[in-house]
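K.L.:
turn this into a model:
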Amino acid sequence: MRLSELKDAGRSPSLPLTVTLADAAGPADLQLLSLLRVLPGQRYVGAGVWRGTPVLAKLLVGGNAARHFQREREGVQLMAAQSLTTPRLLADGLKEGEGGWLLFEFLEHAESLGDAWAAVEQLPPLADAQQQVLGEALAAVARMHAKGLWQDDLHLDNLLRHEGQLYLIDGGGIKAETPGQQLSRQRVLENLGVFFAQLPKRLEPFIEELLVHYLMANAEHALPLEALQKQVDKVRAWRQKDFLDKAGRDCTLFSVERSLSGLRAIRRAEVQTLLPVLEQADRCIEEGHSYKAGGSASVARIDVNGRALVLKRYNIKNTAHWFKRFWRPSRAWHAWIEGLRLEFLGITTPRPLAVLEQRVMGLRNKAYLVTEHADGPDLKASFAPYVDTGDAPEVQVQALVQLMQRLIQARISHGDFKGHNLLWQDGDWSLIDLDAMCQHATQLSFAPAYARDRARLLRNWPSDSALHQRLDQLLPRLAD
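P.N.:
Numbers count the residues shown, from 1 in each chain. Alright, predicted model coming up:
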């Protein structure tokens, strides 16, 4: 295969794949054995063999190939010139009309810090194992900043552990201020904002403690915590918007198809599993375990290859109802986006997996949402034995208080806080039924919505009961 032919190879070309490349020694075949990252029609990154040597290959095709090639090579050269640890560039080339390629030494059995973090992420905040991973990363970032460089796409997958060393990768994101001289304080704050914004929000109280790892390797600048937090908030807001935008377009994370007859979005990793479900969604609901039937929605637990999922159909009750619904995003789509929003923010909810809107000539009709199944008692059932005494388990009460605090921080209102919409699962309260959820742009609009949520939550129990009074004292209020 010629390099230029890759741009038509799609997202999953057949492997192994042989691509003919040419360097100063003449043409030779690169045998691509696996793909690690694919941007269809633009970039293919994978492991392969070149002239008998294992390599990590970056193949760049399409209209922007030359620009991406130059950026990648310049970044690699900047890191090498500043003696930063990075995989050696073994060969590279750019040919007009074909594309560009860069072949790096292959670090066998290397582990990304992203994978290392995934193994410890669920531990209690800032456990020793977590601190070790993040400390390694921050020390590497500090050394890069000391050389006047920064990675504008800074994340843990761009740092590799290999034989006791930490390697910086992805030259395409490497930028320089003045190579060899300390990065300016403002640029340091901006870059660290990118780093910390990608960590779970529950780690924000520990930023100052984590920052010590950076300062031990590079104490050139005083880094005010308030200024850093502003950068974190700014980047986190951008990342949330970017993530939710991706939920509506075909990309690495989501498979999305739009037409006059419908809109379908599925997590890409779930496509093969869930396509058959969406194609016979009504039948799946009929054969599943019904939680709710008829009216505005039908909900059932379904079994998919031994895995329990929840399938919800948003019904059109009559013509008048259709006239109210056809012109705006479906409740399924709204719940899909809000579920992903909660996931991004680290607020527990059954993981949204797929959504389908049926349309007739572009006009919306029935819609379906598939989520993971949350198997736990709801708030009403959990607290039922304690209504008179008020001595509900402290762990559950504090989890409820913390949930409300997280919603306040994110300015999110649920819209229907009846007890059945909170499920106790894995030591936390999981929110379901997100049809009316809203993230407010201003505190002015959020305050009354939160007050309604809080009042609705308390109405789950008689106002003169001990449980109601205890929770009324503990649940956070907004300052007047």
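K.L.:
how many neighbours does the nearest residue to Gln31 once chain neighbours are set aside have?
P.N.:
Spatially, and ignoring its direct neighbours in sequence, Gln31 is nearest to Val49 (4.8 Å; Cβ to Cβ, 6 or more residues apart in numbering). In this view, the C-beta of every residue, glycine as well, is placed from N, C-alpha and C. If you count neighbours by other Cβ atoms under 10 Å, Val49 ends up with 16.
K.L.:
surely Val49 is within a strand?
P.N.:
Yes - using DSSP: H, G, I helix; E, B strand; the rest coil, the secondary structure at Val49 is a strand.
K.L.:
sec struct for Lys312, please.
P.N.:
What three-state DSSP gives for Lys312 is strand.
K.L.:
residue contacts, it?
P.N.:
Taking Cβ atoms under 8 Å, 6 or more residues apart in numbering as the contact definition, Lys312 lies against Ala297, Ser298, Val299, Ala332, Ala335, Tyr368, Leu369, Val370, Thr371.
K.L.:
possible to save those residues as a markdown table with distance to Leu260?
P.N.:
Listed next are these as a markdown table, based on distance: Cβ to Cβ, whole Å:
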| residue | distance to Leu260 |
| --- | --- |
| Ala297 | 25 |
| Ser298 | 25 |
| Val299 | 28 |
| Ala332 | 18 |
| Ala335 | 23 |
| Tyr368 | 18 |
| Leu369 | 21 |
| Val370 | 23 |
| Thr371 | 27 |
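K.L.:
which of those residues are buried?
P.N.:
Ala297, Ser298, Val299, Ala332, Ala335, Tyr368, Leu369, Val370, Thr371 (16 or more other Cβ atoms under 10 Å).
K.L.:
which residues are in contact with the residue nearest to Gln31?
P.N.:
Under the criterion of Cβ under 8 Å, 6+ apart, the neighbours of Val49 are Leu30, Gln31, Leu33, Val55.
K.L.:
let's see 10 Å
P.N.:
Pro16, Asp29, Leu30, Gln31, Leu32, Leu33, Val55, Ala57, Phe106 (Cβ atoms under 10 Å, 6 or more residues apart in numbering).
K.L.:
and the furthest pair within the residues you listed?
P.N.:
Asp29 and Phe106 (16.6 Å; Cβ to Cβ).
K.L.:
looking at those two, which one has more neighbours?
P.N.:
Shown here are Asp29 and Phe106; by other Cβ under 10 Å, Phe106 has more neighbours (17 against 14).
K.L.:
ok so, going back, where's the dip in pLDDT among the contacts of Lys312?
P.N.:
Across the contacts of Lys312, the bottom pLDDT score, 85, is held by Ala297.
K.L.:
from Arg341, how far out is it?
P.N.:
Distance, Ala297 to Arg341, by Cβ to Cβ, to the nearest Å: 20 Å.
K.L.:
can you check Ala392 too?
P.N.:
To Arg341, Ala392 is 28 Å away according to Cβ to Cβ.
K.L.:
and if you look at Thr252?
P.N.:
From Thr252 to Arg341 the distance is 19 Å (Cβ to Cβ).
K.L.:
cool, and Ser83?
P.N.:
According to Cβ to Cβ, Ser83 stands 43 Å off from Arg341.
K.L.:
what about the helix ranked longest in the chain, distance to the chain center?
P.N.:
Secondary structure of the chain per DSSP state H: the longest helix is helix 225-246. Centroid displacement of helix 225-246 relative to its chain, using Cα atoms, centre = their mean, to the nearest Å, is 13 Å.
K.L.:
and the helix or strand Leu78 falls within, what does it pack against?
P.N.:
Remark: Leu78 resides in helix 65-81, with elements defined by DSSP states H and E. Judged by 3 or more Cβ pairs under 10 Å, 6 or more residues apart in numbering; DSSP states H and E, helix 65-81 is in contact with strand 43-50, strand 53-60, strand 89-95, strand 99-105, strand 149-151, strand 165-168, strand 174-176.
K.L.:
Asp428 pairs with what?
P.N.:
Gln425 (DSSP bridges).
K.L.:
for it, give me the pLDDT.
P.N.:
94.
K.L.:
secondary structure element for the residue nearest in space to the middle of the chain?
P.N.:
Closest residue to the average C-alpha location of the chain: Phe344 at 5.6 Å, with Cα atoms, centre = their mean. In the assignment (DSSP H and E), Phe344 maps to helix 331-345.
K.L.:
check which residues of that helix are buried.
P.N.:
331-342, 344-345.
K.L.:
and stretch 341-356, end to end?
P.N.:
Taking Cα to Cα, to the nearest Å, stretch 341-356 runs 18 Å from one end to the other.
K.L.:
any idea how far that stretch is from the chain center?
P.N.:
10 Å.
K.L.:
list the strands paired with the biggest strand by length in the chain, with their directions.
P.N.:
Of all segments of type strand in the chain, defined using DSSP state E, the longest is strand 26-39. Sheet pairing of strand 26-39 (DSSP bridges) gives strand 17-23 (antiparallel), strand 43-50 (antiparallel).
K.L.:
what mean pLDDT does the last one get?
P.N.:
Summarised as a single mean, pLDDT over strand 43-50 is 95.
K.L.:
then it to CSV, C-alphas only?
P.N.:
What follows is strand 43-50, C-alpha atoms only, in CSV (Å, rounded to 0.1, in the frame of the first residue of the first chain):
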residue,chain,number,x,y,z
ARG,A,43,-3.3,10.0,11.4
TYR,A,44,-2.5,6.4,12.0
VAL,A,45,-0.3,5.5,15.0
GLY,A,46,0.8,2.0,15.7
ALA,A,47,3.5,-0.6,16.3
GLY,A,48,5.3,-2.2,13.5
VAL,A,49,8.6,-3.4,11.9
TRP,A,50,10.9,-1.3,9.7
